[in-house]
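S.K.: Sharing a model that was predicted from the sequence below.
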Amino acid sequence: MAKKSDGEVAGQGAGGEDLPREITPGGSEVIRHELGGQDQHPGVAYLSEEEMLAIEAHIEACFGPVNNVIHEIVSEAVHIDLLPAILEEDEEVVVMLATMGMSAVPMHLPDFEDVPEEERPSAYAELMMLLPGRWKAIAEGDKEIEEWGWWPVGVLKDCARLPVLFETWLGPGHTVPNGDPPEPYHASCPFAGVLVIPMGGEASRMEAGGKVVDFYLLLPLYPAEIEYKLEHGAAALLEKMEEAGISPLEYADPERPSCVG
């Protein structure tokens, strides 16, 4: 199994070995992570009850009531539950889906000695995705959503596990394609990867169990948008999104237009 992510900083492969450097035209370094042996992570890491309650309270304070907890039955390396909340924005229903468990294990951050301490990312993070109202069934505990697929659930969990499985990190500006070359997540949508961006506002950071936890938003991308980001960088892609009138509430809508044509 192999995954590929890219960002503005270098990383290491499983076991700490240096990986070949590959720089995109947009200045991002591609990091090809190779998963080690099956016994590399024999146990499963869990958040404490205190941490789970703090994360749930943070989500509810920023987004509204958590309708239910989507519990993970079988876990690998780290136990990842999902917290859904239903938002009403401009008469539109939006489902906020957040991971709860990624922050049980610290990420392998690079050296940030040249970055002011207050601007450095935390080694602990959780991920979020804003979904169209058609995924309201997830928040209500209804599993009959085959038409639209469960790909948001799989993407959030896979990305949340990536840092511990590959001894790396995720942060703003990183993209995680679905394979190499990227392939669509599901027959119902052509998204083939995600861009990690800051959540922004009061939802972006919290303290839980003595840890500082950052929250990042996953922005699903079409293949052409992935290529544009690699060529021009994350800031240029987000600018294209804004120029195309695509708001954060529409990022994960499979029916939205591509911002690069």
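M.R.: Yes, it's here.

S.K.: which stretches of the stretch 1-150 of the chain have low pLDDT?
M.R.: Within the stretch 1-150 of the chain, the segments meeting pLDDT under 70 span 1-23, 26-42, 141-148.

S.K.: SS state for the residue lying closest to residue 25 once chain neighbours are set aside?
M.R.: Spatially, and ignoring its direct neighbours in sequence, residue 25 is nearest to residue 231 (4.9 Å; CB to CB, 6 or more residues apart in numbering). Every residue, glycine included, has its C-beta placed from N, CA and C. Classification of residue 231 using DSSP: H, G, I helix; E, B strand; the rest coil returns helix.

S.K.: mind checking how far residue 231 is from residue 157?
M.R.: Here the criterion is CB to CB, to the nearest Å. By it, residue 231 lies 29 Å from residue 157.

S.K.: of those two, who's got more company?
M.R.: Per other CB atoms under 10 Å, whichever of residue 231 and residue 157 has more neighbours is residue 157, with 22 against 15.

S.K.: For the more buried one, report the pLDDT, please.
M.R.: Note on residue 157: pLDDT of 96.

S.K.: looking at it, it is touching residue 99, isn't it?
M.R.: Yes: with contact defined as CB atoms under 8 Å, residue 157 counts as touching residue 99 (7.1 Å).

S.K.: what touches both of those two?
M.R.: Any residue near both residue 157 and residue 99 by CB atoms under 8 Å, 6 or more residues apart in numbering counts here, and that gives 80, 82.

S.K.: By residue count, which strand of the protein is the longest?
M.R.: Taking DSSP state E as the criterion, the chain has its longest strand at strand 211-221.

S.K.: could you give the mean pLDDT of that one?
M.R.: 97.

S.K.: List the neighbouring strands of that strand plus their orientation.
M.R.: Its sheet considered, strand 211-221 pairs with strand 124-132 (parallel), strand 193-198 (antiparallel), strand 205-208 (antiparallel) by DSSP bridges.
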